[in-house]
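Participant: Model the structure of this input:
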Amino acid sequence: MGKKQRAALPQEEAAIEENNPATDTPDALIEGLVIEGNRGQYQVETADGIIICTLRGKLRKQLEYPISQNWRQNVQRLKIKARDPLSVGDRVRLLPTNSGNGVIEQIIASASHSFTREDSRKGKVRSVAGLDQVVVVFATRDPAPHLRMLDRFLVVAEAQELATVICINKVDLGVDEHLAARLNVYRELGYAVALTSADRGAGLDDLRGLLAGHISAFLGGSGVGKSSLLNALQPGLSERISEVSASTHKGRHTTTGTRLVPLGGTEGGYIADTAGIRALALGGVAAGRLAWCFRELRPYLGQCALGNCTHYNEPGCAIRAAVSRKQLDAERYDSYRRLYQEGGDAAGKSWLDAVSNEDHRQDKLAYTPGV
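Facilitator: Numbering: from 1, shown residues only. Next up, the predicted model:
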């Protein structure tokens, strides 16, 4: 009688099931890139073309076991994940079925970056994976640019170590002096700035150069022209576009999912269009290192009189002193103070961006040192 084999640990069983859910037909699996996802259906780009896929149910299952030393544990509870553990930009292995359809059997782990944000209603949302950079899009007007929200986007990107391109669209409507001056501040910090007009074609070549060879996510509020830019950059995308409301000057949501669009040209690349964001919660992505996420503050970290200085109102703060000497931009420091005051540097708290009229009025007010 042969030697009885040890039963696999529950963790081993879960790993085997997760990594090899289609062990009966491994040779039939095809590798591809998820380029669009919406309501449980995914378009996967493969060497054989685009395949429309659903996700194998077992990839959404999470097995929970009781804490025990027993080698033969029974599953205590089976949890079904509320959202698919899959994002646009992920590489997967799928099993073709028929007529251009298939089932995603495996999700390939990627070392590339992903953009994760916390929505005030949905919690943590992983928008797109495999990123090289994010492109934050604002309009010169209709809707007016909200630079406090720009700083919040930049903090999220810095916390996740993603490069950022600042794109100001609708320049055909004019760029006022205040906005032009503020954009120079971001240029001096090392951020790439592109000035574009999707309607007139201005600045599109510069933006293409910044996108070539990268996987980029387009982020920004509704109505700023993200879909229009995609159509101008890559004719024929047939993005659904709606006019900005003339009464509220706020955009209507037109993009309901996320899609990864291949760019033409010799250098290629992809751009991702995500649903418009009206309210942004940054959550704990920068917990404990909010000041580090403002790149101009980094040289001053560790130089304060107090070792646990929050750079908010403590005496002997090197950052506050630099603002007083005008070595640091006062409006950017004011953004830091607001985010800190809202709990942005504490784990377990969220920063909610309520774009109010008061916030817009405060956008043009500089911080007064010592106040």
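
Participant: Next, work out how far apart the nearest residue to residue 208 once chain neighbours are set aside and residue 193 are.
Facilitator: Spatial nearest neighbour of residue 208, excluding adjacent residues (Cβ to Cβ, 6 or more residues apart in numbering): residue 233 at 6.4 Å. Where C-beta positions appear, they are placed from N, C-alpha and C, glycine not excepted. Counting by Cβ to Cβ, to the nearest Å, the gap from residue 233 to residue 193 is 17 Å.

Participant: From residue 155, how far out is the residue lying closest to residue 310 once chain neighbours are set aside?
Facilitator: Among residues not flanking residue 310 along the chain, residue 340 sits closest, at 6.5 Å (Cβ to Cβ, 6+ apart). Distance, residue 340 to residue 155, using Cβ to Cβ: 11 Å.

Participant: Residue 302 - how many residues pack around it?
Facilitator: 9 (other Cβ atoms under 10 Å).

Participant: OK, contacts around it?
Facilitator: Listed by Cβ atoms under 8 Å, 6 or more residues apart in numbering, residue 302 has no contact partners.

Participant: go on, residue 190?
Facilitator: residue 295.

Participant: which element is it on?
Facilitator: Following DSSP states H and E, one finds residue 190 outside all helices and strands.

Participant: that older thread, run a quick check on the residue nearest to residue 310 versus residue 314, I expect a contact.
Facilitator: No: judged on Cβ atoms under 8 Å, residue 340 makes no contact with residue 314 at a distance of 11.8 Å.

Participant: Those two: which is more packed in?
Facilitator: residue 340 (18 against 14).

Participant: helix, strand or coil for that one?
Facilitator: When classified by DSSP: H, G, I helix; E, B strand; the rest coil, residue 340 comes out as helix.

Participant: per the record, what domains does the protein have?
Facilitator: The chain breaks down into these domains under automatic domain parsing: 10-108, 113-273, 291-362.

Participant: For burial, what's the neighbour tally of residue 154?
Facilitator: 23.

Participant: Can you tell me how far it is from residue 53?
Facilitator: Distance from residue 154 to residue 53, by Cβ to Cβ: 35 Å.

Participant: these two touch, right, residue 322 and residue 303?
Facilitator: No: under the criterion of Cβ under 8 Å, residue 322 is not in contact with residue 303, lying 9.2 Å apart.

Participant: When these two are compared, which one has more neighbours?
Facilitator: residue 322 (20 against 13).

Participant: Does the more buried one belong to a helix, a strand or coil?
Facilitator: helix.

Participant: Can you tell me the closest non-neighbouring residue to it?
Facilitator: residue 328 (4.5 Å).

Participant: Quick one: residues contacting that neighbour.
Facilitator: By Cβ under 8 Å, 6+ apart, the contact list for residue 328 reads 296-297, 300, 319, 322.

Participant: Okay, helices next: where are they in the chain?
Facilitator: With DSSP state H, the ranges of helices along the chain come out as 10-19, 147-159, 177-188, 204-211, 226-233, 318-324, 330-341, 357-362.

Participant: would you list the ones you listed in a markdown table and tack on distance to residue 59 and mean pLDDT?
Facilitator: Formatted as a markdown table, the helices of the chain follow (distance: least, Cβ to Cβ, whole Å; pLDDT from 0 to 100):
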| stretch | distance to residue 59 | mean pLDDT |
| --- | --- | --- |
| helix 10-19 | 7 | 42 |
| helix 147-159 | 27 | 90 |
| helix 177-188 | 41 | 97 |
| helix 204-211 | 31 | 93 |
| helix 226-233 | 30 | 86 |
| helix 318-324 | 46 | 97 |
| helix 330-341 | 36 | 93 |
| helix 357-362 | 41 | 36 |
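
Participant: Between the ones you listed, which one is closest to residue 84.
Facilitator: When those are compared by Cβ to Cβ, helix 10-19 sits nearest residue 84, at 13.9 Å.

Participant: nearest to residue 27, of the helices of the chain?
Facilitator: From the helices of the chain, taking Cβ to Cβ, the stretch that ends up closest is helix 10-19, at 16.4 Å.

Participant: Settle it for me: which of residue 233 and residue 193 has more neighbours?
Facilitator: residue 233 (19 against 14).

Participant: how far away is the more buried one from residue 93?
Facilitator: 31 Å.

Participant: burial measure for the nearest residue to residue 170 once chain neighbours are set aside, as a count.
Facilitator: Counting by Cβ to Cβ, 6+ apart, residue 170 lies nearest to residue 139, which is 4.3 Å off, once chain neighbours are set aside. Neighbour count of residue 139, defined by other Cβ under 10 Å: 24.

Participant: Any regions of this protein where pLDDT drops low?
Facilitator: 1-26, 61-83, 109-127, 236-257, 273-287, 343-371 (pLDDT under 70).

Participant: what do you get if the cut-off is 50, keeping everything else the same?
Facilitator: Along the chain, segments meeting pLDDT under 50 span 1-24, 62-66, 71, 75-76, 78, 238-245, 247-248, 252-255, 276-281, 347-371.

Participant: Residue 139 and residue 224 touch, don't they?
Facilitator: Yes: with contacts counted by Cβ under 8 Å, residue 139 reaches residue 224, the gap being 4.4 Å.

Participant: shared neighbours of these two, anything?
Facilitator: By Cβ under 8 Å, 6+ apart, the residues touching both residue 139 and residue 224 are 169-170.

Participant: Show the residue spans covered by the strands in the stretch 251-371 of the chain.
Facilitator: Taking DSSP state E, counting those that start in this stretch as the criterion, the stretch 251-371 of the chain carries its strands at 258-262, 270-273.

Participant: out of these, deepest packed?
Facilitator: strand 270-273 (a mean of 24; mean count of other Cβ atoms under 10 Å).
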